[in-house]
Each structure stands twice: as structure tokens, then as C-alpha cells.
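J.: Sequence isn't available, so here's the structure alone:
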């Protein structure tokens, strides 16, 4: 059931939202009709009621049910359509809001406790309908409540017009009125609380999704620069406490501009996605992080890793990429990468300084002919492929 309502709220059409409102409110109105019908036909109960008001309420609730049924019949064939349904949305909001407001007024806005639920239900309606529609429904219902209260203050009519003086015995409400009042309150309160919990659940999921998006590169699924820099600084701080080694690698796809020029940007994107997948497959522990810093520039963060071990990881990554073949129609092509690798220095290391040193090693790898790994231990005149 929860998955159903989440699907309605997240991926629904305007028509399906109208249907959800109809299905949520109609059972409540039908039960109220049945309870009121029993009260009107039971002499011991009807004697404590104002009959014209009650029959008028029955007519109004019947009209609300018929309106809901008509909307359900009209909207069901259109439930998958994406067109706006402003008229139907406004009609269902007014049907629910006005019906519930009249019940609140006739039963007494302060003694029945339904007014608080009414406000909540109208507010939750913003989950499903545009604000302009809910504002209209809210203004109509609020005006009805204010008009009733003003009439009571000016002695134009009585408070709780549907209730008679025989409702209380020894200053206590008759049992049937207590049951009815509790039903109206808790039925609306239950729907309200469920929708509120659903709303907060959706907000939590949206927050987690936004956090994930803010830390993830859309094209490759790797961490982005913001996430990488935060993780690097955190690992540098941790290294000051535990003294364990920490290595950082920067890598570029060689001659990437030529790939875009010769094979198109779609092929370039495919190269970047494949490179990201290979990097993820290279990671050895959950603490390792692969990131795309921008364009064809990538990075690896390897905590608790000595430089010699990190060189083997980077060499495996380089050789795997070099062996990968990409297709451009009937043609195939290969891509190489150059990698600059450093081990973070001792205490007080700065994240930007570490990246500058890694970038220096990357530049040396490119200057030596590309398609190689160069670390801080490599001398410029002794570099060779795979070191």
C-alpha cells in the first residue's frame, strides 16, 4: 500500500491524483451517510438532533458522493494522460473540503475537533494538487468557518446547528454522539497522519537523492570533485592521527580531444563511462574512492596504501584501459591513459598541495610519451612504461 501511494505521489498523472482523492474521501462520506441515516431513523437519537439541518447535511454528503463517483467515472479512462485536469482537481477539492467543513460546522467546530483535521487535510492536498487550486479550496472552507463563527457571535444562529438540547444527559454527551464525534475525528486524523508520514518519508528520500546527486558525476556515476576533495581532506586528517600511508592518483585520457573530433562526442562519452566503470572495478576496499574531477580528468584516492602498492593498482588500471576496444560504427579504436601518482606527505598536508604534486607527476607522464604511470619516486630521466 505504501509503495502504491508513493507511486501515486511521485509519478502520477493529474487524473490519477484526482482518483486518489476520490478513493480516499468517498469511504468516509459513505460511512457518515450510514451513521446519520441510522441516527435519523432512530427516535431515541433523532430527538436530540435538529432534523432540517441533518437532512440538509445528508443531501450535501450525498451530492459529494455523487460528484466523487462522477469524477471517478470520468477520470478512470484518462488516468494515464498527462494533460492538466484543473477543473476536475478543483471540483474534487471543493467536494471534500466543503463536505467536511459543513460536518464540522453542524457538529460544532470546537467540540468535535474536526476543524484541526480539516486544516491538515487541506494542507496535505498540496501534495497532490497545484497550489492555486488548494488556495481556492482553502479560502472557500475558511470563509465558511469564519462566516459561521461570526453568525454565532452576532446571535444569528446557534452553535452546532445540527445538535439539540437533549444531546447531554447529566452534563455528559450521549454515547452515540461521543462515538460519532470520535469517529469523525480519528478517521480524518488517521488519513492526515498517514499522509504526513508519507510526506516526511518522501522528503527524507529526496534529501538523500539530492545529497547523492551533489556528490556524484552524472555521466560516469563516480564521485565528483566536491566529494573527492572532502574525502581527501578527511583522509589527510585521519592520516595525521594514525600515520598510515595515503596515495592519490590523477589520470587523463590521452588525446581525448582527438577522440571527440574523429568519432563524435557520443563516443567520447562512452569512453568516459567505460573508464569510470574500469576504475570502479579497480578499487579494492570500500575506503577507496574513484572520482571524475571534470572533462577527461579523473582521480583515485587510496587510503592505507603504500606507494609501491598504489603503483601496482594504477598499472593494472592503465593496462586494462589500454586493452579495451571501443566501437564507432564499423571501426574500432583504443584509448590510453596517463597517471600521476603521489603518496601524501607527513603532518599538516594540504589537499590542494597533494593534487598539485599529483598533477606534476601526471604532466611528467604525458611528457614522457603518455600511456604510463609516473610517481614521485620516478626520476624524469628514468621513466618507463609501467613504473
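T.: Sure thing, it's come through. Remember, predicted model here, so these are calculated numbers, not experimental data.

J.: contacts, neighbours, all on C-alpha from now
T.: Will do.

J.: for residue 293, helix, strand, or coil?
T.: strand (DSSP: H, G, I helix; E, B strand; the rest coil).

J.: Begin at 352, not 1, for the rest of this chat.
T.: Okay, using 352 as the starting number, the last item reads as residue 644.

J.: Tell me how many other residues crowd it.
T.: Residues lying near residue 644 (other CA atoms under 10 Å) number 20.

J.: could you say what helices and strands the helix or strand containing residue 374 packs with?
T.: Under the criterion of DSSP states H and E, residue 374 resides in helix 365-392. With contacts taken as 3 or more CA pairs under 8 Å, 6 or more residues apart in numbering; DSSP states H and E, helix 365-392 sits against helix 353-362, helix 394-397, helix 402-426, helix 437-458.

J.: can you do 6 Å?
T.: helix 394-397, helix 402-426 (3 or more CA pairs under 6 Å, 6 or more residues apart in numbering; DSSP states H and E).

J.: got the angle between it and helix 402-426?
T.: In terms of direction (axes from the mean of the first three to the mean of the last three CA atoms, to 10 degrees), helix 365-392 departs from helix 402-426 by 150 degrees.

J.: could you check the angle helix 437-458 makes with helix 365-392?
T.: Going by the same axes, to 10 degrees, helix 365-392 is angled at 30 degrees with respect to helix 437-458.

J.: So, low pLDDT: which residues of the stretch 552-701 of the chain?
T.: 552-565, 697-699 (pLDDT under 70).

J.: Please, where are all the strands along it?
T.: All strands of the stretch 552-701 of the chain, identified by DSSP state E, counting those that start in this stretch, fall at 597-604, 640-645, 648-654, 676-679, 682-685, 688-694.

J.: ok so, going back, distance from the chain centre to the helix holding residue 374, please.
T.: Offset of helix 365-392 from its chain centre (CA atoms, centre = their mean, to the nearest Å): 30 Å.

J.: buried residues in that helix?
T.: Buried residues in helix 365-392, counted by 16 or more other CA atoms under 10 Å: 365-373, 376-377, 379-380, 383-384, 387, 390-391.

J.: Which of the helices and strands packed on helix 365-392 comes out lowest on mean pLDDT?
T.: Lowest mean pLDDT within those: helix 394-397, at a mean of 83.

J.: Show residues contacting it.
T.: 390, 391 (CA atoms under 6 Å, 6 or more residues apart in numbering).

J.: Show me what counts as buried in that helix.
T.: 396, 397.

J.: can you give me how far it is from the chain middle?
T.: Distance, centroid of helix 394-397 to centroid of chain: 51 Å (CA atoms, centre = their mean).

J.: what about residue 529, which helix or strand?
T.: Using DSSP H and E, residue 529 sits within helix 526-566.

J.: just the strands of the stretch 552-701 of the chain: most buried one?
T.: Highest mean neighbour count of the strands of the stretch 552-701 of the chain: strand 688-694, a mean of 27 (counted as mean count of other CA atoms under 10 Å).

J.: Give the pairing partners of that one; include direction for each.
T.: Strand 688-694 has its sheet partners listed here by DSSP bridges as strand 597-604 (antiparallel), strand 724-726 (parallel).

J.: Need the ones you listed in JSON lines (columns: distance to residue 618).
T.: Shown next, in JSON lines, are these (distance: least, CA to CA, whole Å):
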{"stretch": "strand 597-604", "distance to residue 618": "13"}
{"stretch": "strand 724-726", "distance to residue 618": "25"}
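
J.: okay, now the closest residue to residue 512 other than its chain neighbours: neighbour count?
T.: Spatial nearest neighbour of residue 512, excluding adjacent residues (CA to CA, 6 or more residues apart in numbering): residue 457 at 5.1 Å. By other CA under 10 Å, 20 other residues sit near residue 457.
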